[in-house]
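Visitor: predicted structure and sequence below. I'll ask about it afterward.
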Protein chains: 2
Amino acid sequence: MKIAMIGGGMVGQTLGAGLIAKGHQVTIGIRNPVASELAKPRNYAEPLADWQARTGARVATFREAATGADIVFNVTSGLVSLEALRAAGAENLADKPLVDVSNPLDFSNGMPPFLPAALTEHTSVGEEIQKAFPKALVVKAFNTVSAPVMVEPSLIPGGPDLMIAGNSAEAKAQVTALARDFGWQSVIDLGDIAGARGTEHMMPIWLRLFVQGGSPLVALKVVRG
Amino acid sequence: MKIAMIGGGMVGQTLGAGLIAKGHQVTIGIRNPVASELAKPRNYAEPLADWQARTGARVATFREAATGADIVFNVTSGLVSLEALRAAGAENLADKPLVDVSNPLDFSNGMPPFLPAALTEHTSVGEEIQKAFPKALVVKAFNTVSAPVMVEPSLIPGGPDLMIAGNSAEAKAQVTALARDFGWQSVIDLGDIAGARGTEHMMPIWLRLFVQGGSPLVALKVVRG
């Protein structure tokens, strides 16, 4: 499938490379894909020029990446997701799965990041994206684990759960199929896109467990009586 | 030990009865412990008069319950915890474990409840209690599972984790001992009281999983790579 990554950071690069390894055609979209931008070091990720040389994939504008894609992944920070997706173009997001991997983490006050009320108190990034792009089939997924675990869930032997939420059963089935291809065995459907509120709010405990344990290979698994 | 429950709802009644069964002397404190109040039906819990008849325990004012207690449990709604604890008296909370089981759930907009920004965006109820009562040894604990699971964790065979946070290692050890007496096998120490931000933020996903699965016997368990 043709897959667009809206965002070129650690998550976009890792998910992108993982999808390429599964035979998909991936384009990473960034704001300004000029050579100087591609050469820049990125937080916890390689310069996009290196990623591109390694994967052979295309890096383009947000809009170019989304145009003609079968599935679009939002892998930007939740604080800027709406702006990046507007740049991708509403018409390029319509009638296809829009996998929202973002979290609304604000690092402007230092560590730990906080969840800004405007994006969390009565809503979530997933819901705001669905409101802003009503024709997109938004599926919240993958945002509760670190990037390496997204594409290789067996890194956590206990077997984390992939938690997904969205209004379109068909889009959720497509995302579930991609996840199962990465080895996800347990997929928990939280229902409509309002379920994104649950998974986005998991960031504070996840970050705390990450810092306490000294490893991002940590996840929360659902256990039932 | 002499244990005070600040709050007479489902959590206070269940934890209280569980502690009585382990040989502790429990007093439930409520705002106004008059006969008409004790006879009132309570959300998801029995009238306190019935609880009292069943357990033989005392129901008193917030202040009377906390006075002379070895350990105090805050089992009020996070929205009113500071007010209830002020009524209990700062001097009655000093130099002893104050186990904060509360969550800042606001039901005023209907279901699902939201987490008000004032208690969550840059803080947590646990942190606010510690700030307001600097001599209390606040330990956030038990707030990530439903009341029956608090006192009988084996109700969830997968084995949930008890997540605790607090500034006093000694107070956390005391709370851990009480938890182990209930059968908790896995206790995860999240560090200082700021860890409360993590566990309080788990409410939206917990509530979603509760509603989706139709049972409050659900919890999140930490898995690591």
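Guide: Right, received. Where do you want to start?
Visitor: where does chain A dip in pLDDT?
Guide: Counting by pLDDT under 70, not a single residue of chain A qualifies.
Visitor: name the nearest residue to A:Ala87, sequence neighbours excluded.
Guide: With CB to CB, 6 or more residues apart in numbering or on different chains as the criterion, A:Ala87 has its nearest non-adjacent residue at 4.3 Å, and that residue is A:Phe62. In this view, the C-beta of every residue, glycine as well, is placed from N, C-alpha and C.
Visitor: tally of neighbours for that neighbour?
Guide: The burial count assigned to A:Phe62 is 27, neighbours taken as other CB atoms under 10 Å in any protein chain shown.
Visitor: for chain A, which residue is closest to the average position?
Guide: The residue lying closest to the centre of chain A (CA atoms, centre = their mean) is A:Val101, at 2.3 Å.
Visitor: contacts only, for that one.
Guide: A:Val101 sits next to A:Val11, A:Leu15, A:Phe73, A:Asn74, A:Val75, A:Ala141, A:Phe142, A:Asn143, A:Met150 when contact means CB atoms under 8 Å, 6 or more residues apart in numbering or on different chains.
Visitor: could you do A:Leu119 as well?
Guide: Neighbours of A:Leu119 in contact, by CB under 8 Å, 6+ apart: A:Gly78, A:Leu79, A:Pro104, A:Val125, A:Glu128.
Visitor: for the nearest residue to A:Pro157 once chain neighbours are set aside, list the residues it contacts.
Guide: Excluding its sequence neighbours, the residue lying closest to A:Pro157 (CB to CB, 6+ apart) is B:Gly225, at 6.8 Å. By CB under 8 Å, 6+ apart, the contact set of B:Gly225 is A:Val149, A:Leu155, A:Ile156, A:Pro157, A:Ser215, A:Leu217, A:Val218.
Visitor: so the first one is in which element?
Guide: Under the criterion DSSP states H and E, the helix or strand holding A:Val149 is helix A:147-151.
Visitor: any idea which helix or strand comes after that helix?
Guide: According to DSSP H and E, the helix or strand after helix A:147-151 is strand A:161-166.
Visitor: kindly format the C-alpha coordinates of that following strand as CSV.
Guide: Provided in CSV are the C-alpha atoms of strand A:161-166 (Å, rounded to 0.1, in the frame of the first residue of the first chain):
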residue,chain,number,x,y,z
ASP,A,161,-2.0,-4.7,24.0
LEU,A,162,-2.5,-2.4,21.0
MET,A,163,-5.3,-0.1,22.0
ILE,A,164,-7.2,1.4,19.1
ALA,A,165,-10.2,3.8,18.9
GLY,A,166,-12.1,5.2,16.0
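Visitor: for that strand, which strands pair with it and how are they oriented?
Guide: Its sheet considered, strand A:161-166 pairs with strand A:137-140 (antiparallel), strand A:186-189 (parallel) by DSSP bridges.
Visitor: buried residues in the helix or strand just after that strand, which are they?
Guide: Using DSSP H and E, the helix or strand that follows strand A:161-166 towards the C-terminus is helix A:169-182. Across helix A:169-182, burial judged by 16 or more other CB atoms under 10 Å in any protein chain shown covers A:Ala171, A:Lys172, A:Gln174, A:Val175, A:Thr176, A:Leu178, A:Ala179, A:Phe182.
Visitor: pick the one among the residues you listed closest to chain B.
Guide: Using CB to the nearest CB, A:Lys172 comes nearest to chain B of those, at 13.4 Å.
Visitor: quick one: the strands in chain A?
Guide: Taking DSSP state E to define them, one finds strands in chain A at A:2-6, A:25-30, A:58-61, A:71-74, A:97-100, A:137-140, A:161-166, A:186-189, A:218-224.
Visitor: just checking: what are the partner strands of the last one?
Guide: Listed by DSSP bridges, the sheet partners of strand A:218-224 and their directions read strand B:218-224 (antiparallel).
Visitor: re earlier: whichever of the contacts of B:Gly225 end up buried, select them in ChimeraX.
Guide: A single ChimeraX command suffices to select whichever of these are buried according to 16+ other CB under 10 Å:
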select /A:149,155,156,217,218
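Visitor: chain B: which of the contacts of B:Gly225 is nearest?
Guide: Distance to chain B across the contacts of B:Gly225 (CB to the nearest CB) is lowest for A:Leu217, with 2.9 Å.
Visitor: quick one, what contacts that closest one?
Guide: Contacts of A:Leu217 (CB under 8 Å, 6+ apart): A:Ser146, A:Pro148, A:Val149, A:Leu155, A:Ile156, B:Arg224, B:Gly225.
Visitor: surely the fourth one touches A:Val149?
Guide: Yes - using CB atoms under 8 Å, A:Leu155 makes contact with A:Val149 at a distance of 5.3 Å.
Visitor: ok, back up a step: and the buried residues of helix A:169-182 as TSV, adding distance to chain B?
Guide: Formatted as TSV, the buried residues of helix A:169-182 follow (distance: CB to the nearest CB, whole Å):
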residue	distance to chain B
A:Ala171	18
A:Lys172	13
A:Gln174	21
A:Val175	17
A:Thr176	16
A:Leu178	21
A:Ala179	17
A:Phe182	15
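Visitor: adding distance to B:Arg197, write those out as TSV.
Guide: Shown next, in TSV, are the buried residues of helix A:169-182 (distance: CB to CB, whole Å):
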residue	distance to B:Arg197
A:Ala171	32
A:Lys172	30
A:Gln174	35
A:Val175	30
A:Thr176	31
A:Leu178	32
A:Ala179	29
A:Phe182	31
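Visitor: circling back to that earlier point, out of the contacts of A:Val101, which is nearest to chain B?
Guide: Nearest to chain B among the contacts of A:Val101, with distances taken as CB to the nearest CB, is A:Asn143, at 11.5 Å.
Visitor: tell me how many other residues crowd the closest one.
Guide: Neighbour tally, A:Asn143, other CB under 10 Å: 27.
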